[in-house]
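Colleague: sequence-free structure coming up:
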């Protein structure tokens, strides 16, 4: 299975993209709970692109490619032409500090890392490519199936 979709990097298109990925995951036999986890991670990544990837007054696109590999894993590539941003370089927040003393941000990245089995990033041809690798067994069960 290989499928892709492309929309402007605007918040109002998130639901269309989530619906597309939900359908791909369902077609591959993923459980409802696991699909919900995938949606949480994807929504966080896409919202970050919409809010931070492009300078004020400009808007690029977000392209999502879903495919499966020989190990029956779902591979989701999130592609944008915004500013380079390697999610793998973001430090995990220190959750032991009192909430009033913590730095802002980082929780979305932590959520993404916990929801997917593996994550990769590369910058190629002036594009950010963030890849989620997923099985129906991985991630934290935030939603029960």
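Modeller: Received the coordinates, thanks. A quick note: this is a predicted structure, and the numbers were derived from the prediction, not measured.
Colleague: geometric centre of this protein: which residue is closest?
Modeller: In the chain, the residue lying closest to the centroid (C-alpha atoms, centre = their mean) is residue 42, at 3.1 Å.
Colleague: could you list the buried residues of the lowest-mean-pLDDT helix or strand in the chain?
Modeller: Least confident helix or strand, the chain: helix 107-115 with a mean of 79, by mean pLDDT, DSSP states H and E. Within helix 107-115, the residues that qualify as buried are 108, 109, 111, 112, 113, 115, counting by 16 or more other C-beta atoms under 10 Å. C-beta: built from backbone N, CA, C; applies to glycine.
Colleague: check which element follows it along the chain.
Modeller: Of the helices and strands lying after helix 107-115 in sequence (DSSP states H and E), the nearest is strand 118-124.
Colleague: who touches whatever helix or strand comes next after that next one?
Modeller: For strand 118-124, the succeeding helix or strand toward the C-terminus, using DSSP H and E, is strand 127-134. For strand 127-134, contacts defined as C-beta atoms under 8 Å, 6 or more residues apart in numbering pick out 25, 30, 34, 38, 41-42, 45, 49, 53, 73-82, 84-85, 87, 112, 116-123.
Colleague: which among these count as buried?
Modeller: 25, 30, 34, 38, 41-42, 45, 49, 53, 73-82, 85, 87, 112, 116, 119.
Colleague: average model confidence for stretch 79-99?
Modeller: Confidence for stretch 79-99, expressed as mean pLDDT, is 75.
Colleague: quick one: the strands in this protein?
Modeller: 2-8, 61-68, 74-80, 118-124, 127-134 (DSSP state E).
Colleague: dump those strands to CSV, plus distance to residue 21.
Modeller: As requested, the strands of the chain are exported to CSV (distance: least, C-beta to C-beta, whole Å):
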stretch, distance to residue 21
strand 2-8, 8
strand 61-68, 6
strand 74-80, 6
strand 118-124, 15
strand 127-134, 10
